[in-house]
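Visitor: fold the stuff below for me.
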Amino acid sequence: MSEFGEAMGTAVEGGLIARAVSGEKGGGLQDNQPLDKGHFAESTCLNCGTELVGAHCHACGQQAHLHRTIGAFLHDLLHGALHFDGKTWRTLPMLVGKPGELTRRYIAGERARFVSPMALFLFSIFLMFAVFQLAGISAPTDIRGDAGEGLVELAATELDRTEKRLRETEEALAEPDLGSDRREVLETRQRELADQVTALRQAQENIPFLREGEADAQADGDGDVVIPLEGSDGATMKVGSSNIEWVDTAIDKWRKNPGLMLYKLQTNFYKFSWLLIPLSIPFVWLLFAWKRRFKAYDHAIFVTYSLSFMTLLTLTVTVAGLLGMTTDLVVLTSLVIPPIHLYKHLRGAYGLSRFSAIWRLAIMAVFIVVILVLFLQLLLVLGAF
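Guide: Sure, this is the predicted structure:
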């Protein structure tokens, strides 16, 4: 599949998931219904049979009149696949200009008017990665790991196998009642295997990694590798393990194939980005722990809308950079807009004074670093399995 196809597929997938999360209702078509100028002229809901009162069924939520036109189909395509509708155009301007008011109104109960924070977050994440795929922005996969160590392991394994075959051939040659034809075949095989063993031993000697390890590295009683440091008058460096099997396995995978692990890291960010929400909520709660009127639900709405904006900002800046925006302007935008938006969001959502919003913003900047480090650690662990 081409990068364009993958990008469009990712965006459509995000829209469909966002629509499912937002909980929109709809129904199917029934045959043999009267038509009136391109739409069904029914008096009862075609989905559940409830008598219609108004533009939508009050029982299942299906729209009363379904227009049977290509324009209506294209509208449904955009709405269903990309989640574009009136709520989107009401939500996005407020998310950019009045994030605090958007959060406060959604918490207060105006949920049908705006796109839900989780639906918006999912769509923005999928859209961002769709654009990244389209633009060819991805983790490098051609980074070489410990190729020398891999060659050592391969050479040692092949040498053991060849030496074993050589011993079996020599044992067969030692049989007293061996026929001349059979002996000739075994002698030829013996010479070939002996040549292979010699070549493999020479290959091992020519691998710098192995030669350095044999000459310098020694194992102590705990199984750690002790390497002498040149010009340090006897000083050594110990390279040990964590003695935790799954941690050492993860470290070994990252060392041997960093390109693959970076790709898995990017993929896991795409899959597990929602973990940023539960990771962030406790830290936001700490900023308002003594204000009992703010519940965990309020912090969850605040966090999710904020993450949605930051994702869309990342997408916008990336696209602007690809279209020719200077690097200085990209960096300036990335550094200036997030704290300003977060300040406005804090102040508007929680009704804070300027001073309260500023000191909370300063502490939140530290919290954000901690959250990102925790999130990265989770991705590193997930990438190892």
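
Visitor: helices of this protein, start to end?
Guide: Assignment of helices within the chain using DSSP state H yields the ranges 3-22, 70-82, 86-97, 99-108, 117-135, 147-173, 180-205, 208-215, 245-256, 258-272, 276-287, 296-322, 327-350, 354-383.

Visitor: of all those helices, which one is nearest Leu46?
Guide: helix 70-82 (14.7 Å; CB to CB). For every residue, glycine as well, the C-beta is placed using N, CA and C.

Visitor: quick check: mean pLDDT of that closest one?
Guide: Taken as a whole, helix 70-82 has an average pLDDT of 61.

Visitor: hmm, back to that, could you dump the helices of the chain to TSV with distance to Gly49?
Guide: Below are those laid out as TSV (distance: least, CB to CB, whole Å):
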stretch	distance to Gly49
helix 3-22	25
helix 70-82	22
helix 86-97	28
helix 99-108	33
helix 117-135	29
helix 147-173	67
helix 180-205	79
helix 208-215	75
helix 245-256	56
helix 258-272	41
helix 276-287	39
helix 296-322	36
helix 327-350	43
helix 354-383	48
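
Visitor: okay, the ones you listed in CSV with mean neighbour count and distance to Cys48 next?
Guide: Converted to CSV, those look like this (neighbours: other CB atoms under 10 Å; distance: least, CB to CB, whole Å):
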stretch, mean neighbour count, distance to Cys48
helix 3-22, 18, 20
helix 70-82, 13, 19
helix 86-97, 16, 23
helix 99-108, 20, 28
helix 117-135, 23, 24
helix 147-173, 15, 63
helix 180-205, 14, 75
helix 208-215, 13, 71
helix 245-256, 14, 52
helix 258-272, 17, 36
helix 276-287, 18, 34
helix 296-322, 19, 31
helix 327-350, 16, 38
helix 354-383, 14, 43
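
Visitor: which of these has the lowest average pLDDT?
Guide: Across the helices of the chain, helix 208-215 gives the lowest mean pLDDT, at a mean of 45.

Visitor: and the closest residue to Leu193 other than its chain neighbours, how far from Leu186?
Guide: Using CB to CB, 6 or more residues apart in numbering and skipping the chain neighbours, the partner closest in space to Leu193 is Leu166 (4.1 Å). Taking CB to CB, to the nearest Å as the measure, Leu166 falls 11 Å from Leu186.

Visitor: now do Leu380
Guide: 53 Å.

Visitor: now Phe367
Guide: 74 Å.

Visitor: gap between Glu184 and Leu173?
Guide: Going from Glu184 to Leu173 by CB to CB gives 11 Å.

Visitor: that should have said Ile301, apologies.
Guide: From Ile301 to Leu173 the distance is 81 Å (CB to CB).

Visitor: also Glu163?
Guide: From Glu163 across to Leu173, the span is 16 Å (CB to CB).

Visitor: also Pro278?
Guide: For Pro278, the distance to Leu173 - CB to CB - is 69 Å.

Visitor: before we move on, the earlier item: ok, the residue nearest to Leu193 touching Ala194?
Guide: Yes - because the distance of 6.3 Å satisfies CB atoms under 8 Å, Leu166 is recorded as touching Ala194.

Visitor: ok so, going back, got the contact list for the residue nearest to Leu193?
Guide: When contacts are counted by CB atoms under 8 Å, 6 or more residues apart in numbering, Leu166 touches 190, 193-194, 197.

Visitor: now for those residues, which pair is the farthest apart?
Guide: Farthest pair in the contacts of Leu166 (CB to CB) is Gln190 and Val197. Separation: 10.5 Å.

Visitor: please parse the chain into its domains.
Guide: Using automatic domain parsing, the domains assigned to the chain come out as 3-29+66-141+261-383, 147-243.
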